[in-house]
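Participant: take this sequence and fold it.
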Amino acid sequence: MKMLVNSEIYTYNEISNIPCKRCDIGDNFPVRKSHKYSPFLDCIKNKQLRGVCHTVFTPELIGMRLSVDATKIRNIDNAGGSSEESEALSFELLKRFYNAILIKTEMQVKYKKMEMENGKKTDDNGKKTDYVCKIGDTIIGVSVTRARSYFIDRAKKIAEKYPDRNILPGKPFSLEDAIKLLKKKLECINESNRYSLENWTKQLLHVWSAENDISDKLEQAFHNLERLEPELVSNTVLLITTTTGTACDFIYMNDRKSMQNEQCYVGDNR
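Facilitator: Numbering: from 1, shown residues only. Predicted coordinates:
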């Protein structure tokens, strides 16, 4: 296994201008790493730092193995939604790059009772962090989300199903969409920080991005929020992983049956 902790630091849009070969860091788990501004590990270790970091993920599903802990995240119940695959791969990436150690899964994280607000008790469940891990000596909470032009994907499928109909094209992922997504997730992170009984010092927001252009908009949105709403961004680190190829569709659709048909995740890579 190749651990790429001390690789060079580049912004995402510089990747095409530098020599960069595929980095196999485990069984059929090729990832390229690039960072902007503060190196990822410095952002994680320093409580005051925040920043944007990038990786590029091009998997080969057949024979791609998950670690025991990533398999655990994938197979156990979470707090709802359909994000087990993206959360499991998120941890696997951190484990392979930075020797991350899983501390707690989503349902193991403990929170204080929600407070009364405006005379009403808030939702008992609150906003959950997806998992807690340790990188080096630092414990961090990790929240995972996905960014993709879903409307375009849906419009294409409808057009294929009903070729005789005039189906309007979907709307591409915009800067406004990126700002809306990040604001929602950062608000959840702040609430999770507020009520958590865990001893993490900061959180990582990991976004799986389906296109280069979406990754650029996410970074731009993050910096806009840094400038306009610094208290919202706080010391959160944004990790954007851009996926390439149709083999990554399952990350966004959470289609476990499709993955099983591809014979991926065979066995456990400890």
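Participant: give the rounded mean pLDDT of the longest strand along the chain.
Facilitator: Criterion DSSP state E: the longest strand present in the chain is strand 138-147. Averaged across strand 138-147, the pLDDT comes to 95.
Participant: now the helices for the stretch 1-150 of the chain?
Facilitator: With helices called from DSSP state H, counting those that start in this stretch, the stretch 1-150 of the chain shows them at 40-45, 68-75, 84-98, 150-161.
Participant: give the buried residues for the first one.
Facilitator: Residues of helix 40-45 classed as buried by neighbour count (16 or more other CB atoms under 10 Å): 40, 41, 43, 44, 45. In this view, the C-beta of every residue, glycine as well, is placed from N, C-alpha and C.
Participant: ok, which of the helices of the stretch 1-150 of the chain comes nearest residue 179?
Facilitator: Smallest distance to residue 179 across these (CB to CB): 16.9 Å, for helix 150-161.
Participant: element containing residue 241?
Facilitator: Per DSSP states H and E: residue 241 is located in strand 237-243.
Participant: and that strand with strand 138-147, angle?
Facilitator: 40 degrees (axes from the mean of the first three to the mean of the last three CA atoms, to 10 degrees).
Participant: strand 237-243 packs against which elements?
Facilitator: helix 40-45, strand 51-57, strand 202-209, helix 212-228 (3 or more CB pairs under 8 Å, 6 or more residues apart in numbering; DSSP states H and E).
Participant: what about the longest one, average pLDDT?
Facilitator: Mean pLDDT, helix 212-228: 94.
Participant: quick one, that helix and strand 237-243 angle?
Facilitator: Using the same axes, to 10 degrees: helix 212-228 against strand 237-243 is 170 degrees.
Participant: number of nearby residues for residue 187?
Facilitator: Neighbourhood size, residue 187 [other CB atoms under 10 Å]: 12.
Participant: give me the element it is part of.
Facilitator: Residue-wise, residue 187 maps onto helix 175-195 under DSSP H and E.
Participant: flag every buried residue along the longest strand of the chain.
Facilitator: 139, 140, 141, 142, 143, 144, 145, 146, 147.
Participant: partners of that strand, with directions?
Facilitator: strand 131-135 (antiparallel), strand 202-209 (parallel) (DSSP bridges).
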